[in-house]
Every structure is written in C-alpha cells, then in structure tokens.
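Asks: starting from these lines, generate the structure:
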Amino acid sequence: MRPAGYAAVKAGRAAFLLHRRSAAVAFALAAALAVVVIASLSVGESFVSPAEVVRVLLGQPSPDELVVGTLRLPRLVVGLLVGAAFGLAGALIQTVARNPLASPDIIGVSHGAGAATVAAFTFGITSYAALPLVSLGGGIAAALLVYVFAWRNGLRATHFVLIGIGFSAAMSSLTQLFLTKGDFLIAEQAKVWLTGSLNGRGYDQAAPLAAVLLLLLVPLLWVARAQRDMSLDDDTATALGVRLGRVRLGLVALGVVLASVATATAGPVDFVALLAPQIVRRLTRGAQIPLLCSALMGALIVVLADLLARRLFAPIELPVGVLTAAVGAPYLLWLIVRSRSGGRT
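Replies: Take a look at the predicted model:
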C-alpha cells in the first residue's frame, strides 16, 4: 500500500515512490531558476536580450557571446554550484539535528572553514587548488569538535546547536586574530572574501566544487533512504535495526564537505543553508527535506541575491553575502522567537 501523497514510478525493472508535491515544487523551482538565470545573464552594464542569451547558451553564433559567455556565465555557474551545495548541506545537517536552527553557518562549520581559509591568506596561500583543501580541513575540524562536545550518550539536537553556536563565536574571534596579524593588503583581500562574494569568480573556482558534487552523487542517493530512517523517532529506528550513530555521522560528514568547499569557493555566504531547506519543507509539507528541492532553492537564492547585489545600487556592487544576511538574519530571529513561544518550526 502506497503512503498518501506518493505515486509509484517505474524505470525499467526498478520502481520507486515519488512524492507528488515535492515533484511539483522541484519543477516550479527549476522554472523559476531558469528565469532568474536568463535575467542574470541579460542584466548588467549593457543589456542583452533574453533571446540572445538563449542563443549563447545553446552554442549558436551571437554578437553578445563575449559578454554573456565569457564575462557573465562563469560567475553564474559559480553561483549555481555554491547555492546548490549550501542548500544540500543545510538539508543534511537539519535532518540530523531535527532543528531548523541547525545549518553550517550557525553550528560553526562555515566559520571553521572561513578561519582556516583566512589563516591560509595570512600565510600567503592563495592558490585556487589549495584553498578548497584548506577550507575543507577547517570545516571538518570544527564539525568534529562540535560533534564530540555535543555527544553525551547520543547526539542531542539542543546540545548540537548550542555548542555549534559557541564554536561559531570562537572561530569568528580566531578569524579576526588572523586578520590583525596578516599583511594589510592580504587582510583587505580576506575581508572581501569573508563577506561572501561572486565578484571575480570563474571556472577555476567552480571546478573543485563541481568535482565534489559529482563525487557525492552516489552517496546522496544513499541519503534519500537514510532520511526516511531519520524521520522516525529514535526508539522506533533502533528497533528496526537502524544504526543511528553511523547514519547521523554519514549525513553530517557529507554536509560538512559540501559546506566547506562551497565556503572556499565564494566565502561564507551566510544563511543560504538555513533558508533553503526550511522554505522547501514548508512548500512540500513533507516529513523529510527533499534534497533536489533544497539544491534548487539554494541555487535560486544565491543567483537572485547576486543579481540584486549587482543592480540595486549600481554602479556600486554589493557582496552577495550582504543580501542573503539581510534576509536570513530576520528569519533566524523569527525562528528563535517562534521556538521559545512553542510554535511549530
């Protein structure tokens, strides 16, 4: 018997259940993202018609190929990948913590990756190949510390979030220490990076993140099944033979890797990982956070925020992290107030 709201889909000999509302939301998000992508490639110092943008994307000859394909498209690709990675990371970590406040930038992962990257800047390491590895190491180190300190006869969501917030503050202080100790020009470069920006980003920065996303495709298929187990209460899941400790560790590890490499690519673009899964969950109204929808929503948030950051105060260009923080900070406060008042989050 199929659960309510699901449809059976067959692909050859394989069969699986598809949540109808999640599929509809994914289709709507993909359509909205396509519109924003065309708008982002069209709008700039010079306007390019959407028809010419489509011609360039399809590989057809166009007089605007230099503007669209060479100047604007690489930055857009970075925004899409960064947004998708943050959306996925937020969905994974919120699934483990069962708390809407849990996201890489709240529990210290992004700040740990940021502190490690700023330290690399301070010591003269600015290679595009090395920075993702440095950021990944910082994110993993921060996540391990939070995980160890939050573990007390099992991983409790409240401890996880509170200890993560404490580590975020500690990592922010460490970042400021590195900024004061470094060379002035390098410190200014690091400060710009810390705001979260797509300015000057291109395929060199996109390649490591794209490789990570491709490598994690197979593990993410396992996550879809693991999420169903995580939606059960601990006693029921344990009775069914689910090894909750290993499942949680696996989900957190994937989320940490995605958030850390995304942070190395564009800086700590705050609140995307917090917003995307929660918006998706409210749209789909499901017990689980759909990963595809979270990735699409994260990409949509980053690309739209980057478009607004470029054009709201033109010719002044704001970092994309400023726009996401302007929306995400009030939402975080609303979540905290709602949680304290006993509202459903």
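
Asks: pLDDT weak spots in the protein?
Replies: Applying pLDDT under 70 to the predicted model, the residue ranges of the chain that meet it are 1-19, 126-129, 151-158, 182, 225-245, 335-336, 338-345.

Asks: what's downstream of the helix or strand where residue 250 lies, the next helix or strand?
Replies: Element membership for residue 250 (DSSP states H and E) is helix 244-266. Secondary structure here is assigned by DSSP H and E; on that basis, the next helix or strand after helix 244-266 toward the C-terminus is helix 272-284.

Asks: contact partners of that following helix?
Replies: Contacts with helix 272-284, where a contact means C-beta atoms under 8 Å, 6 or more residues apart in numbering, come from 19, 21-22, 25, 82-83, 86-87, 89-91, 93-94, 100-101, 103-106, 110, 259, 289-290, 293-294, 297-298, 301-302, 324, 327-328, 331-332, 335, 345. No exception for glycine: its C-beta is placed from N, CA and C like everyone else's.

Asks: how about the contacts made by the closest residue in space to residue 135 that isn't next to it in sequence?
Replies: The shortest distance from residue 135 to any non-neighbouring residue, by C-beta to C-beta, 6 or more residues apart in numbering, is to residue 264 (3.2 Å). Applying C-beta under 8 Å, 6+ apart, we find residue 264 in contact with 113, 117, 131-132, 134-136, 208.

Asks: swap in residue 184?
Replies: For residue 184, the contact set (C-beta under 8 Å, 6+ apart) is empty.

Asks: state the distance from it to residue 122.
Replies: Residue 184 sits 11 Å away from residue 122, going by C-beta to C-beta, to the nearest Å.

Asks: before we move on, what about residue 93?
Replies: In this structure, residue 93 lies at 28 Å from residue 122, with C-beta to C-beta as the measure.

Asks: those two: who's more crowded?
Replies: A count of neighbours by other C-beta atoms under 10 Å puts residue 93 above the other of residue 93 and residue 122, at 30 against 19.

Asks: just say helix, strand or coil for the more buried one.
Replies: When the structure is reduced to helix, strand and coil (DSSP: H, G, I helix; E, B strand; the rest coil), residue 93 reads as helix.

Asks: any idea how far residue 274 is from the closest residue to it other than its chain neighbours?
Replies: If you skip the residues right next to it in sequence, residue 93 has residue 255 as its closest partner in space, 4.3 Å away by C-beta to C-beta, 6+ apart. If you measure residue 255 against residue 274 using C-beta to C-beta, the figure is 13 Å.
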